[in-house]
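K.L.:
Sequence plus the predicted model coming up.
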Amino acid sequence: MTTALEGLKILDLTRYAPGPYCTMLLGDLGADVIKIEEVGLPTGRRGEHLKGLDAVPTPREFPAPDTPYDPLNRNKRSIRLNLKADKGRRIFLRLAEKADVVVEGFRPGVTARLGIDYPTLKEVNPRLIYCAITGYGQDGPSRDLPGHDINYIAHAGVVGALTIAGQTPSVPGNFIGDMAAGGMQAAIGVLAALAARERTGRGQFVDIAMTDGAVSLACLYLGRYFQAGRLPGAEEKETCGASPLYNYYQARDGRFISIACLEPWFFASLCRALGCEELIPHHADADKAEEIRAYFTAKFLTRTSNEWLDILSKADVPVSRVNSLDELAADPQLRHRRMVVEVDGVKQAGISIKLSETPGRIKDAGARPGESTVPILKELGWGKAEIEELKRDGVIGTGK
């Protein structure tokens, strides 16, 4: 059985979470992903920021990117290439001739200075799909600003939409900006461009801005604002912790459970299970919200989380335990869905996209930096003596 993207070759120039997550998704679906990694220490703008330091600090990354604990590295080969050297650039152009997709995450203008931007690569491969992932996009007044997830979701209004008046905005990890608004949107863009190429025979440029992606994720909140013509009040942020019907409650064993009963029929089922039928008519009564919250808070403390899960699930109430990461591998639903798998003896998150005819697969945990340099150059036609010369000249690297 073949995989959906088998036979497609992707060149991955990205470094941090959004791009590697995009190419991980595509690699899981069968694409041959080649990571293009640096030779030597950081240069350019990053090198300028580190100038004068006795030692060059390395980014704090968990898990380390060259271990099997990093799922973003799986199903990928690795070549270390000095793109600032003419010979290194020529190797990359040779790779691009045979590639289907290039994914990069540099700031706008960087690849043009390197001589590997879309207009250049389009000349050597008109069928090439070139995906650029940036914080703010390829144009506009903010295009050159540096940033990370928290900056993009703040700029896009997501943080404001999730924050209740009077409370300090939370920092929700890098799930929204990096992974969903960046990497996942990029994967969708690449797949859409591949589908278009089937009809036109031509590649195209895919411009992914994480800020744009975050605005798209906030579309329902934004639509509500445009309809009402005003910002929602605190009591209207039902899904952001303002409502007692859509919230977390602590059980007697100290564990938390989540309740989601915004619909009147689910709220009625919950009230019957908790012994407070008299509250059913007050489902949408804002004046009763704090009374309902106080009752629920006290009631949930009378039983353990397992007891409540049993009672409420039988009552057809939307409920789940707030799991910690160490519980996921044993979770029966996630085990059934193979969302925790073992790769080279190490547990990782599984493949979330389930295809009935061409399912994805994880072949390996990925190559260490430069591990695939020699095999890839041999595929391109370089001989042993030429490869040794490239290594001596600092054009390529074959290991850390």
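P.N.:
Thanks, I have it.
K.L.:
Tell me, how many residues neighbour residue 256?
P.N.:
14 (other Cβ atoms under 10 Å). To be clear about C-beta, it is placed using only N, CA and C from the backbone, and glycine gets the same treatment.
K.L.:
how far away is it from residue 304?
P.N.:
Applying Cβ to Cβ, to the nearest Å, the value for residue 256 to residue 304 is 12 Å.
K.L.:
Show the residue spans covered by the helices in the stretch 251-400 of the chain.
P.N.:
In the stretch 251-400 of the chain, the segments counted as helices under DSSP state H, counting those that start in this stretch are 264-274, 289-300, 305-314, 332-336, 373-380, 384-392.
K.L.:
could you dump the ones you listed to TSV with mean neighbour count?
P.N.:
Below are those laid out as TSV (neighbours: other Cβ atoms under 10 Å):
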stretch	mean neighbour count
helix 264-274	18
helix 289-300	15
helix 305-314	16
helix 332-336	11
helix 373-380	17
helix 384-392	14
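K.L.:
so which of the ones you listed comes closest to residue 211?
P.N.:
helix 332-336 (31.8 Å; Cβ to Cβ).
K.L.:
Any buried residues in the helix or strand encompassing residue 222, and which?
P.N.:
Applying DSSP states H and E as the criterion places residue 222 in helix 219-228. Neighbour-count burial for helix 219-228 flags 221-222 (criterion: 16 or more other Cβ atoms under 10 Å).
K.L.:
Mind listing what's buried along the following helix or strand past that helix?
P.N.:
Per DSSP H and E, the first helix or strand lying C-terminal to helix 219-228 is strand 246-250. For strand 246-250, a neighbour-count test (16+ other Cβ under 10 Å) marks 246-247, 249 as buried.
K.L.:
Output the contacting helices and strands for strand 246-250.
P.N.:
Packing partners of strand 246-250 (3 or more Cβ pairs under 8 Å, 6 or more residues apart in numbering; DSSP states H and E): strand 256-260, helix 289-300.
K.L.:
Kindly reformat those as JSON lines containing mean pLDDT and distance to residue 109.
P.N.:
Shown next, in JSON lines, are the helices and strands packed on strand 246-250 (pLDDT from 0 to 100; distance: least, Cβ to Cβ, whole Å):
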{"stretch": "strand 256-260", "mean pLDDT": "98", "distance to residue 109": "45"}
{"stretch": "helix 289-300", "mean pLDDT": "97", "distance to residue 109": "51"}
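K.L.:
Tell me which of the ones you listed lies nearest to residue 359.
P.N.:
strand 256-260 (30.4 Å).
K.L.:
Just want the angle from the closest one to helix 264-274.
P.N.:
140 degrees (axes from the mean of the first three to the mean of the last three Cα atoms, to 10 degrees).
K.L.:
ok, back up a step: and the buried residues of strand 246-250 as JSON lines, adding distance to residue 234?
P.N.:
Converted to JSON lines, those look like this (distance: Cβ to Cβ, whole Å):
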{"residue": "246", "distance to residue 234": "14"}
{"residue": "247", "distance to residue 234": "14"}
{"residue": "249", "distance to residue 234": "19"}
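K.L.:
Minimum distance to residue 166: which of the helices of the stretch 251-400 of the chain has it?
P.N.:
helix 289-300 (14.8 Å).
K.L.:
Convert the closest one to CSV, retaining C-alpha atoms only.
P.N.:
This file holds the C-alpha atoms of helix 289-300, laid out as CSV (Å, rounded to 0.1, in the frame of the first residue of the first chain):
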residue,chain,number,x,y,z
ALA,A,289,-24.0,32.6,36.7
GLU,A,290,-22.1,33.1,39.9
GLU,A,291,-24.7,31.1,41.9
ILE,A,292,-24.4,28.2,39.4
ARG,A,293,-20.6,28.4,39.5
ALA,A,294,-20.6,28.2,43.3
TYR,A,295,-22.9,25.2,43.3
PHE,A,296,-20.9,23.4,40.7
THR,A,297,-17.6,24.2,42.5
ALA,A,298,-18.9,22.7,45.8
LYS,A,299,-20.7,19.8,44.2
PHE,A,300,-17.7,18.5,42.2
